[in-house]
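>>> build me a model:
(one chain, ligands or ions: 1)
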Amino acid sequence: MTIAPTLENVPRFDRTVLERDWEVILHGKPVSIASRYDVEDPSSGEVLASVPECSEADVDRAVRAAAAAQAAWGALPPRVRASKVRELAALIREHREELAMLDAWDGGFALPIMRKDVESGAEHLDFMADLALDLSGRTVPASENFHYTLSQPYGVVARIAPFNHPFFFASAKIAAPLIAGNAVVLKAPNQTPLSTLRLAELAGQVLPQDLVQVVSGSGHVAGSALVRHPLIRRIGFTGAPETGRAIQRDAAESGVKNVSLELGGKNAFIAFEDTDPESIANAAVQGMNFTITAGQSCGSTSRLLLHESLADAVLERVAELVNNIRVGHPLDPSSEMGPVISRAQYEKTMTAIDTGTREGANVIAGGGRPSNMGEEGYFVRPTVLAGVSPQSTIGQTEVFGPVLAAMTFRNDDEALSIANNVQYGLTAAIWTNDVGRAHRMARDVEAGFVWINGTSRHYLGLPFGGTKASGIGREASSEELLSYTEQKSVTVML
Ligand code: NAD
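Just a heads-up that it's a prediction; the model follows:
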């Protein structure tokens with residue numbers, strides 16, 4: 001491992017963006033919410049900020065204010081809505097540094113990556129604005145009369161976001177609902193709420209007052225109150241599978257609601273014998289997103305399935321690359337990977353590594369705390385476990401941390417069987433030079449998003465989402481936009 005400067009050696013990082021009060025906004029003004037909670041700095045464990053802990057009553061006020069704002073917004077022509085959303089994207093770009101700093105502080109994610117995330121959020125808003133005219137209905141030759149359909153907004157929709165990629169998700173997740181003519185109440189992630197609270201302020205500068213509401217607080221109180229609210233009929237959730245199921249239960253108990261879920265994964269990267277070990281090693285390390293979010297990305301290819309003839313050569317190089325990742329403070333320009341988000345995530349990651357070794361795997365890179373970061377903060381060395389049994393705990397469970405689990409296979413059938421034999425189905429990467437095999441595997445692998453000889457990248461317009469325990473619904477595409485509308489069929493008797 002390359003040693004980055006210790007915390008004592010690097011200059012103190014700029015805290016200016018944190019020196020302010022954090023409130024939710026209602027009717028264009030900050031509302032003082034008595035109940036608060038502390039947001040932690042994952043790099044030190046210290047308190048960074050105090051933010052509102054919204055109650056059921058606070059959520060109710062937010063939903064009702066959003067509902068009042070929605071009627072006029074929903075009545076605007078889509079292209080007019082699109083132009084307002086583009087103004088928000090432009091304003092976000094103007095605040096890129098501030099927003100990226102907030103995510104680096106409360107998320108512990110390396111600053112250069114968070115700058116890209118802010119840009120991606122703005123691009124997502126622009127992209128959905130480009131699709132505004134996809135909200136058209138169609139005519140249906142169902143009889144001698146005239147039949148057509150309308151795509152209409154739900155009203156107020158709920159979006160609930162996870163802690164990773166905080167600003168990217170906050171901004172990207174409001175795009176489709178807004179273009180479709182809805183108001184949005186966005187539940188900020190509890191560990192990383194700062195840039196989402198800031199988004200509410202920016203949205204208020206260019207969008208109609210109250211159209212975008214942000215609530216912060218716990219999932220069990222604010223999140224659940226939002227899901228159960230009688231005016232909420234459409235919920236878009238991104239987070240852990242167990243939370244997704246709790247949301248489905250709350251939704252079913254409180255009404256008839258449309259719920260889409262973007263959940264976790266234990267995604268397979270499959271490398272066949274006809275590939276080059278150096279390219280596989282580079283792509284496998286990239287696919288694990290160690291340097292993007294310390295491995296805390298849903299689409300990370302966290303299971304590396306290697307043909308047995310390639311395994312030694314690939315793993316030797318993977319270990320070298322992973323040991324060279326510079327772990328350090330997210331605001332230190334020489335750092336490539338920050339800490340994981342919380343003590344709970346740190347312990348979960350360390351336990352996953354221990355359990356992996358107890359179940360027979362070998363640590364070939366990383367495996368504990370980095371020696372350069374002292375005892376404070378939730379830093380974990382990027383880790384690779386080899387010789388993982390597909391049925392072991394580390395072979396089956398999402399860690400959502402910087403741990404890559406490598407295993408081998410002997411033939412195509414075995415590769416497919418290992419790849420599919422998990423509860424999840426989010427992404428998969430297939431590496432081979434055999435065109436027929438590539439397409440057969442892409443067809444048969446149980447995943448919603450597949451790369452052939454690629455990894456990691458998402459493409460606006462290409463539907464993203466999971467199958468099995470990884471979710472319901474597709475995003476980042478016209479499918480997402482239309483999912484925030486309801487179809488109405490109209491018949492004109494001729
Ligand atoms: P999480 O499920 O713990 O929390 C996500 C959000 O749900 C938070 O805002 C939380 O406060 C809220 N929440 C918790 N309980 C709730 C409840 N009962 N009702 C309503 N809201 C509730 O997830 P996390 O730890 O923030 O994120 C990690 C998980 O998210 C991983 O499993 C990861 O794979 C997944 N994820 C999936 C995608 C995707 O696009 N498929 C993207 C990012 C993250």
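>>> now for residue 490: which residues touch it?
Listed by Cβ atoms under 8 Å, 6 or more residues apart in numbering, the contact set of residue 490 reads 147, 148, 149, 150. Every residue, glycine included, has its C-beta placed from N, CA and C.
>>> apply 7 Å and report the result again.
147, 148, 150 (Cβ atoms under 7 Å, 6 or more residues apart in numbering).
>>> neighbours of the last one, how many?
Around residue 150 there are 14 other residues, counting by other Cβ atoms under 10 Å.
>>> shaky segments in the protein?
Along the chain, segments meeting pLDDT under 70 span 1-11.
>>> residues from it in reach of the ligand?
Contact residues, the chain versus the ligand (Cβ under 6 Å from any ligand atom): 160-164, 187, 189-190, 219-220, 223-224, 227, 238-240, 243, 246-247, 262-265, 298, 398, 400, 426, 466, 471.
>>> now, of those, which are buried?
Neighbour-count burial (16 or more other Cβ atoms under 10 Å) applied to the residues of the chain next to the ligand gives 160-164, 187, 189-190, 219, 223-224, 227, 238-240, 243, 246-247, 262-265, 298, 398, 400, 426, 466, 471.
>>> in strands only, show me these.
Counted as lying in strands by DSSP state E, out of those, are 160, 187, 238, 262, 471.
>>> what bridges to the last one?
Pointing back at residue 471 there. Using DSSP bridges, the bridge partners assigned to residue 471 are residue 262.
>>> for the third one, same thing?
Beta bridges link residue 238 to residue 262, judged by DSSP bridges.
>>> ok, it - contacts?
Residue 238 is in contact with 160, 161, 162, 169, 173, 262, counting by Cβ under 7 Å, 6+ apart.
>>> closest to residue 104 among the residues you listed?
Of all the contacts of residue 238, residue 104 sits closest to residue 169, with 15.5 Å by Cβ to Cβ.
>>> how close does that closest one get to residue 190?
For residue 169, the distance to residue 190 equals 13 Å [Cβ to Cβ, to the nearest Å].
>>> what is in contact with the two at once?
Contact criterion Cβ under 7 Å, 6+ apart; residues shared by residue 169 and residue 190: none found.
>>> ok, which stretches of the stretch 301-450 of the chain are helices?
Assigned by DSSP state H, counting those that start in this stretch, the stretch 301-450 of the chain shows helices spanning 311-323, 343-358, 393-396, 412-420, 435-444.
>>> out of those, nearest to residue 60?
Closest approach to residue 60 among the helices of the stretch 301-450 of the chain (Cβ to Cβ): helix 343-358, 29.6 Å.
>>> what about the helices in the stretch 51-200 of the chain?
Remark: helices assigned in the stretch 51-200 of the chain by DSSP H, counting those that start in this stretch are 56-75, 78-94, 96-107, 111-130, 166-179, 194-206.
>>> for the fourth one, packing partners?
Applying 3 or more Cβ pairs under 7 Å, 6 or more residues apart in numbering; DSSP states H and E, one finds that helix 111-130 contacts helix 78-94, helix 96-107, helix 166-179.
>>> make TSV out of the ones you listed and add mean neighbour count.
Output for the helices and strands packed on helix 111-130, formatted as TSV (neighbours: other Cβ atoms under 10 Å):
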stretch	mean neighbour count
helix 78-94	17
helix 96-107	24
helix 166-179	28
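>>> looking at the ones you listed, which is closest to residue 202?
Nearest to residue 202, of those and by Cβ to Cβ, is helix 78-94 at 5.3 Å.
>>> could you measure from residue 488 over to residue 138?
Counting by Cβ to Cβ - residue 488 and residue 138 are separated by 12 Å.
>>> and for these two, which residues touch both?
Joint contacts of residue 488 and residue 138 (Cβ under 7 Å, 6+ apart) are residue 149.
>>> for residue 148, give me its contacts.
By Cβ under 7 Å, 6+ apart, the contact set of residue 148 is 137, 138, 139, 140, 490.
>>> re earlier: deepest of the helices of the stretch 301-450 of the chain, which one?
Between these, helix 393-396 has the highest mean count of neighbours, a mean of 21, where neighbours are mean count of other Cβ atoms under 10 Å.
>>> chain center to that helix, what's the gap?
Centroid separation between helix 393-396 and its chain, computed with Cα atoms, centre = their mean, to the nearest Å, is 22 Å.
>>> other SSEs contacting that helix?
Helix 393-396 is packed against helix 343-358, strand 403-409, with contacts defined by 3+ Cβ pairs under 7 Å, 6+ apart.
>>> how much space separates the nearest residue to residue 144 once chain neighbours are set aside from the ligand?
Distances taken as Cβ to Cβ, 6 or more residues apart in numbering put residue 494 closest to residue 144, at 6.6 Å, once the chain neighbours are dropped. For residue 494, the distance to the ligand (Cβ to the nearest ligand atom, to the nearest Å) stands at 46 Å.
>>> touching, residue 494 and residue 146? I think so.
Yes - Residue 494 is within contact range of residue 146, at 5.8 Å (criterion: Cβ atoms under 7 Å).
>>> who has more neighbours out of those two?
residue 146 (14 against 7).
>>> let me see the contact set for the more buried one.
Contact partners of residue 146, counting by Cβ under 7 Å, 6+ apart, are 492, 494.
>>> got the buried residues for stretch 357-367?
By neighbour count on 16+ other Cβ under 10 Å, the buried set for stretch 357-367 is 359, 361, 363, 364, 365, 366, 367.
>>> quick check, nearest of those residues to the ligand?
The nearest member of the buried residues of stretch 357-367 to the ligand, counting by Cβ to the nearest ligand atom, is residue 366 at 20.5 Å.
>>> and the contacts of stretch 441-461?
Under Cβ under 7 Å, 6+ apart, the answer for stretch 441-461 is 123-124, 127, 267, 269-270, 283, 286-287, 289, 299, 301, 416, 419-420, 425-431, 438, 464-468, 470, 476-477.
>>> quick one: end-to-end distance for it.
Taking Cα to Cα, to the nearest Å, stretch 441-461 runs 23 Å from one end to the other.
>>> list the buried residues for it?
Result for stretch 441-461 [16+ other Cβ under 10 Å]: buried residues 441, 445, 446, 447, 448, 449, 450, 451, 455, 456, 460.
>>> my read: residue 322 touches residue 382, true?
Yes - here residue 322 reaches residue 382: they are 4.9 Å apart, a contact under Cβ under 7 Å.
>>> shared neighbours of those two, anything?
Listed as contacting both residue 322 and residue 382 by Cβ under 7 Å, 6+ apart are 290, 365, 366.
>>> which one of those sits closest to residue 330?
Distances from residue 330 to the shared contacts of residue 322 and residue 382, taken by Cβ to Cβ, are shortest for residue 290, at 13.5 Å.
>>> burial count for the nearest residue to the closest one once chain neighbours are set aside?
Distance criterion Cβ to Cβ, 6+ apart; nearest residue to residue 290, sequence neighbours excluded, is residue 382 at 4.5 Å. Number of residues near residue 382 (other Cβ under 10 Å) recorded here: 28.
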